[in-house]
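J.: missing the sequence, but the structure's below:
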């Protein structure tokens, strides 16, 4: 098994009796999920996805990834939220956070359309100058402002460079299977298209074409990634909280929440996990944060953040608990050299691997933070392989869904996300928003 939950550092905060008492609620939430009878049940395609995915499309994804590898220096993935976070998390986690700077036989991969910053987009356009470029636009509708603007810019760049016929061979669209602006435009333009499934929400979509095409283009084995998710599914659909670490995680975090812990910090000791943390924050924040409820998801990368946020975690307001990602086997070995001068007084570490030091820092922090009255749940993961990534993704997705129902919310909608869009469209003068614009102008002025 690629993953296990270590509750050693939370036992002083959560008793076996408390877990036993909440277990019936967790089982009921799991039953609601698996029987597909709860709110948001139109978006449960991710549950069986690892064992019931479109094999024909999967083969096309791998073929397109090979084409991308062979024809471009830079692959630009255009999308926002769940349309890019999972793919970027996988590439940085499995490969490296400096993937683009490494020597490799795969293209550099950049992500656009996730902000409205002119500088960010202009910088990426400059990076693409003189390079062969392919793009993947990821959008269910094709009308979301951030990716739509970026797609306009890069589509023009490709058409100016290669002509419309040449550009269409370099543009891949991941969108609705049958309807929507982007689907219609892509079919008319002759782009190869992949499907955003109707029954899989964006934050649960990393194991669909949404995430798999960029992941495969980076040279990551998507067969092994899907196998990891498949094995996790087999483990976590069981209903025994004593052997199901996913359900135990749900139980513990909800017990802590009811005890006043309103913030969960995902802590990792590898910079390669930073975008994984961003993906996790969207998954839990968008799923649980509604109806005045939810645990606020935050994240840190240690030991870096121990020299900044570590002070608050150690001695600040006791409203938080930590979920620590412990990666058991590092990708690389780096022994600490001996220094004849011993200037830094660290020769007692000479010959030790840096991963050994990193692990001891983690153990020291776990003890310090629990002594400081911060509960710590530890998720032990074998390594940073494609298999382990798929396993971990399914663990968090399943936990998030069950936890949402345990909290009493619909884990699969995001009504609050639309609020800023309406105001933005009104202030920009979009047709049909005239009344709202007048109201907002009065408030601003």
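T.: Structure received. All values reported here derive from a predicted model rather than from experimental measurement. Numbering: from 1, shown residues only.

J.: where does the residue most central in space within the chain fall, phi/psi-wise?
T.: Against the mean C-alpha coordinate of the chain, by CA atoms, centre = their mean, the closest residue is residue 279 at 2.2 Å. With angles defined as degrees, to the nearest 10, residue 279 sits at phi -60, psi -40.

J.: per-domain residue ranges of this protein.
T.: The record's domain parsing of the chain by automatic domain parsing lists 3-37+225-407, 47-220.

J.: what's the closest of those to residue 441?
T.: Smallest distance to residue 441 across those (CB to CB): 19.8 Å, for domain 47-220. Bear in mind the C-beta positions are built from the backbone N, C-alpha and C, glycine included.

J.: average pLDDT across the closest one?
T.: Domain 47-220 shows a mean pLDDT of 97.

J.: can you give me the offset of it from its chain's centre?
T.: In this view, domain 47-220 has its centroid 16 Å away from the chain centroid, taken as CA atoms, centre = their mean, to the nearest Å.

J.: Check stretch 27-40 too.
T.: With CA atoms, centre = their mean, you get 23 Å for stretch 27-40.

J.: Can you tell me the SS state at the closest residue to residue 23 other than its chain neighbours?
T.: What sits nearest to residue 23 in space, not counting adjacent residues and going by CB to CB, 6 or more residues apart in numbering, is residue 241, at 4.8 Å. The local conformation at residue 241, judged by DSSP: H, G, I helix; E, B strand; the rest coil, is coil.

J.: so can I have CSV of the domains of the chain showing distance to residue 414?
T.: Below are the domains of the chain laid out as CSV (distance: least, CB to CB, whole Å):
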stretch, distance to residue 414
domain 3-37+225-407, 5
domain 47-220, 8
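
J.: do you know which of the ones you listed lies nearest residue 429?
T.: Within these, the stretch nearest residue 429 is domain 47-220; the backing value is 13.3 Å (CB to CB).

J.: What distance do you get for residue 32 to residue 394?
T.: Distance of residue 32 to residue 394, computed by CB to CB, to the nearest Å: 19 Å.

J.: who's more crowded, these two?
T.: Here residue 32 and residue 394 are compared on neighbour count by other CB atoms under 10 Å; more neighbours surround residue 394, at 29 against 18.

J.: who are the neighbours in contact with that one?
T.: 50, 207, 228-229, 232-233, 236 (CB atoms under 8 Å, 6 or more residues apart in numbering).

J.: that's a strand at it, yeah?
T.: No. Counting by three-state DSSP, residue 394 falls outside a strand, being helix.

J.: I'd like the distance between it and residue 50.
T.: Where residue 50 is concerned, residue 394 sits at a distance of 7 Å (CB to CB).

J.: what sits in contact with each of these two?
T.: 207, 229, 232-233.

J.: following the one helix or strand residue 387 maps to, which helix or strand shows up next?
T.: Remark: residue 387 resides in helix 386-407, with elements defined by DSSP states H and E. Proceeding N to C from helix 386-407, the next assigned helix or strand is helix 417-428, under DSSP H and E.

J.: What lies in contact with stretch 14-24?
T.: 7, 241, 247-248, 251-252, 254-256, 375, 406.

J.: can you do 6 Å?
T.: Identification of contacts with stretch 14-24 by CB atoms under 6 Å, 6 or more residues apart in numbering yields 241, 251-252, 255.

J.: between the residues you listed, which has the most around it?
T.: residue 251 (25 neighbours).
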